[in-house]
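Participant: generate a structure from the sequence data that follows.
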Amino acid sequence: MAPAVTRLVCRFPNCNRVFKNKSGLTQHTHAKHGLKCDANGAFIDQDAPPPPHTDAPPTNWTPYDNRVEFETAEFLFTRNQMSARQIDTLLDLWAATLIKHNDTPPFANHRDMYATIDATPLGDTPWKSFTLCYNGAKPEQDVPPWMDGQYDVWYRDPLEMTRGILANCDFDGGIEYSPYRDYTTEDKRYWKNFMSGDWAWNQADVIAQNEENHGSTFVPLIIGSDKTVVSVATGQTEYHPLYLSIRNIHNSVQRAHRNGVVLIGFLAIPKSTKEHNDDIKYRNFRRQLFQRSLAKIFESVKPFMENFDVTRFPDGHYRRTVYSLGPYIADYPEQILLSGIMQNWCPRCLGNRKDLDGTQPCLHRRKAHTELLIEQLTYKQAWEQYGIIADLVPFTNDFPRADIHELLSPDILHQIIKGTFKDHLVDWVGEYLLVTHGTRHAAEIMDDIDRRIAAVAPFAGLRRFPDGRGFQQWTGDDSKALMKVYLAAIEGHVPQDVVCTFSAFLEFCYIVRREALTEDDLVKLQDALDRFHQYREIFKTTGVVSTFSLLRQHSLCHYISKHIKAVKEPWRQSSRFNALGQMLLTNQRLDKLAAARVDFEACGMLHGSCHHGRLRIHEPQNQSIEVDAGEIIDGPTVESHVELALTPHILELDLPHLPFMIQEFIHDQHYSDDPNPPEFDPATAQVFLGKLTLFNSAAASFHAPSDLSGTGGMRCEHIRATPSWRTGEPRHDCIFINMGVDFDSPMNGLAVARVLCFFSFNYRTSYYPCAIVHWYSYVHKERDPDTGMYVVAPTTTGDDVPDVSIIHIDCIFRAAHLIPVYGPDFIPKISPHDSYDMFNSYYVNRYADHHAFEIA
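Facilitator: Numbers count the residues shown, from 1 in each chain. Below is the predicted model:
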């Protein structure tokens with residue numbers, strides 16, 4: 001649960017107002033700082049309503065004829081991503097069914113649909129390009145091909161794209177108009193959204209020194225780039241996309257994927273022959289091409305970094321706006337390219353490349369210090385002593401208040417998770433086993449680790465590894481998924497210090513991804529990092545590695561993707577020949593459809609179904625429609641809510657004591673509010689003779705803002721209790737049960753159980769949605785000291801009968817994921833669906849997702 005917070009003094013000059021809560025300061029800053037104005041920038045009455053979103057009537061679907069046309073285009077192009085040939089086939093079949101009605105489908109063919117999308121007046125920021133080339137001295141003979149090359153850079157105006165984000169009414173209520181500082185009731189800092197940080201606060205102080213900017217809204221631009229290979233097989237398919245976002249948007253809105261990140265460019269990728277790849281001139285040209293391209297792309301924003309722009313915001317009002325280059329998110333190769341720092345040096349600090357994590361803290365690099373070193377030292381001295389490429393000027397030097405060393409932000413997925421976890425730690429485990437046990441026995445242990453990973457029970461959103469971790473092409477998502485189950489799989493096969501190394505690293509990664517952080521969290525973060533540094537020494541003492549001066553691990557010290565949607569999916573929709581032009585057009589069409597949806601929703605034109613006359617089937621109350629596991633959902637924020645599935649099923653229950661259990665359950669429900677209920681007596685309790693309705697699943701909705709979730713931080717997952725999962729084996733998930741504050745539990749009143757069945761029944765005037773559960777008990781009151789996870793075991797009664805009872809589903813908090821405590825013994829090949837039946841004790845997997853980490 002988030003702590004209560006208070007805010008301090010208003011940051012604006014000569015304004016000494018103090019506020020005890022966020023709403024007070026928000027109301028003040030919205031009224032006084034970040035003032036509403038008209039389209040010309042003149043301040044207006046702050047209580048005035050916004051101008052109309054559009055002058056068009058709420059029946060104007062232009063350029064579509066009606067709602068069916070729009071939703072058909074959106075479904076086929078955005079959601080289904082159907083090929084042009086398949087669109088034509090579908091429309092032909094559709095047309096055939098309408099001939100007898102003398103009617104036609106929404107579009108004649110794919111060209112007709114594409115033309116309609118292209119005619120959408122919204123989201124119409126055009127693609128532009130410029131060409132750069134080498135203009136230095138060339139040799140008289142054998143000129144390298146890269147010197148004669150023409151390098152095209154495609155981009156969309158970042159100023160117009162930023163204005164489009166700010167005008168998106170989808171973000172209303174999920175955006176900050178000025179920096180702020182939160183404090184807990186214990187007077188400790190509380191960081192939740194980007195604008196609560198010190199950098200935004202300090203930037204606003206500098207901007208406010210110009211009195212003309214008073215009353216303006218500060219908008220930091222977040223930039224990211226990552227060279228991408230979209231098809232390994234065909235070669236020549238590298239792209240270098242450039243992304244843009246603003247950090248006024250709340251974290252919860254960003255995680256809901258509400259078009260808060262936009263593609264603004266494709267950078268040029270110069271190519272050379274192997275003969276010239278190490279040529280210093282070629283390497284310098286690559287660096288300068290990258291820097292010059294970025295400087296050129298962001299030219300349009302520069303005038304409004306010192307003087308205000310006027311743009312519309314999600315609430316419909318205009319405001320004066322001052323922009324600034326904000327954090328640049330990149331992996332290490334791009335960080336050194338951006339900062340003008342040599343390979344193996346840190347672009348953020350002055351740590352020596354041979355001892356990056358030395359015992360003494362390192363000073364941070366700063367623009368002024370770098371410029372002074374370049375001025376005072378020779379080119380060679382700057383290179384050798386500080387790792388500085390003296391003749392490279394970062395593009396940020398052309399923009400006010402921008403220091404590239406300060407702005408660099410690590411790409412947590414590729415640099416930390418894939419880099420440190422997979423490329424270092426997982427590989428080191430393999431090396432350790434080889435060094436310690438020899439080739440043959442190490443291979444046997446690795447095979448057992450793979451069997452353990454493959455045996456993990458299914459869970460909502462958990463990727464399956466049927467063959468363990470032994471696959472060739474690793475992605476960042478593969479590493480992120482393996483992190484959730486790897487720790488328990490190696491425990492028993494590796495020394496305690498190796499297990500503790502992984503535990504500390506995982507704890508660091510999960511704390512850093514929390515939706516909000518307090519000062520206490522930062523202490524925990526530093527403690528996790530210190531333990532990671534302490535325990536990883538085992539890899540050095542056993543001879544696995546010789547040094548820990550590794551940039552990816554060092555980047556953890558400085559931590560105190562729209563990628564698929566924008567590049568890989570448009571690539572798949574292209575013909576693969578001269579694909580870039582098709583990808584640009586695909587992205588523009590996607591933006592047009594997204595902008596049209598926002599506009600139609602703002603006009604109230606997309607409420608309900610497009611088929612107003614559809615038949616309504618009677619649906620029982622308090623039941624949910626089946627959705628894919630782990631979906632993000634919008635809606636009001638609640639701590640947790642569980643509903644039975646929509647469709648009942650006929651099942652056989654092998655529970656001879658079920659009538660007795662139902663009697664006891666009815667008795668407990670009847671006296672649930674009585675502080676002194678009478679004891680249950682089966683001889684006098686009323687017998688239930690009604691009908692039971694059984695279900696294969698229930699949907700749990702819960703507040704999980706640190707995971708991918710809706711704008712309110714809500715997420716939905718399905719809890720399964722079915723005799724056949726996907727026409728295969730049975731699946732009975734585990735759950736957290738909220739037992740109340742009086743329950744003796746190390747997890748704040750949460751118990752763990754396994755669901756055997758979901759059912760409901762009516763008794764007299766009451767409806768009871770229920771679950772039959774097998775209880776688990778905590779083996780210890782503390783977490784396991786090595787893995788950091790609680791351990792539970794299935795409970796039995798005195799005669800070794802499983803401890804089973806009936807609970808109301810309102811007691812269920814959400815699904816729980818358990819992983820067997822494998823121990824040192826080898827295991828046979830086990831089906832994941834048998835995992836919960838074959839072991840004596842289990843870890844409560846706190847790494848299943850970020851919400852589980854916070855509650856377990």
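Participant: Ile246 bridge partners, please.
Facilitator: Leu221 (DSSP bridges).
Participant: wouldn't it be in contact with Ala167 here?
Facilitator: No - contact criterion Cβ atoms under 8 Å: Ile246 and Ala167 do not qualify, at 11.6 Å. Where C-beta positions appear, they are placed from N, C-alpha and C, glycine not excepted.
Participant: these two: which is more packed in?
Facilitator: Ile246 (22 against 18; other Cβ atoms under 10 Å).
Participant: and the more buried one, how far is that from His405?
Facilitator: 22 Å (Cβ to Cβ, to the nearest Å).
Participant: next: Val435.
Facilitator: From Val435 to His405 the distance is 39 Å (Cβ to Cβ).
Participant: out of these two, which sits in the busier spot?
Facilitator: Neighbour comparison, Val435 and His405: the larger count goes to His405, with 23 against 13 (by other Cβ under 10 Å).
Participant: identify the residue nearest that one in space, chain neighbours excluded?
Facilitator: Spatial nearest neighbour of His405, chain neighbours left out: Arg365 (3.9 Å); criterion: Cβ to Cβ, 6 or more residues apart in numbering.
Participant: which residues are common contacts for Ile246 and Ala167?
Facilitator: Common neighbours of Ile246 and Ala167, counting by Cβ atoms under 8 Å, 6 or more residues apart in numbering, are absent.
Participant: just checking, Arg353 touches Asn344?
Facilitator: Yes - applying Cβ under 8 Å as the test, Arg353 and Asn344 come out as touching, 4.6 Å apart.
Participant: mind listing the shared neighbours of the two?
Facilitator: Common neighbours of Arg353 and Asn344 (Cβ under 8 Å, 6+ apart) are Gly387.
Participant: which of the helices or strands spans Thr436?
Facilitator: helix 427-454 (DSSP states H and E).
Participant: mind checking how far the following helix or strand past that helix is from the chain centre?
Facilitator: Moving toward the C-terminus from helix 427-454, the next helix or strand (DSSP H and E) is helix 476-490. Centroid separation between helix 476-490 and its chain, computed with Cα atoms, centre = their mean, to the nearest Å, is 17 Å.
Participant: quick one, helix 476-490 and helix 427-454 angle?
Facilitator: Angle, helix 476-490 to helix 427-454, by axes from the mean of the first three to the mean of the last three Cα atoms, to 10 degrees: 80 degrees.
Participant: ok, residues contacting whatever helix or strand comes next after helix 476-490?
Facilitator: Per DSSP H and E, the first helix or strand lying C-terminal to helix 476-490 is helix 496-512. With Cβ under 8 Å, 6+ apart as the test, helix 496-512 has contacts from 412, 416-417, 420-421, 425, 429, 432, 483, 486-487, 490-491, 517, 521, 524-525, 528-529, 531-532, 535-539, 556, 559, 786-788, 846-847, 850, 853.
Participant: only the buried subset of these, as a PyMOL command please.
Facilitator: A single PyMOL command selects the buried members of the contacts of helix 496-512 (16 or more other Cβ atoms under 10 Å):
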select buried, resi 412+416+417+420+421+425+429+432+483+486+487+490+491+517+521+525+528+529+531+532+535+536+538+539+556+559+786+787+788+846+847+850+853
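Participant: helices - which of the contacts of helix 496-512 land there?
Facilitator: Judged by DSSP state H, these include 429, 432, 483, 486-487, 490, 521, 524-525, 528-529, 531-532, 535, 537-539, 850, 853 as members of helices.
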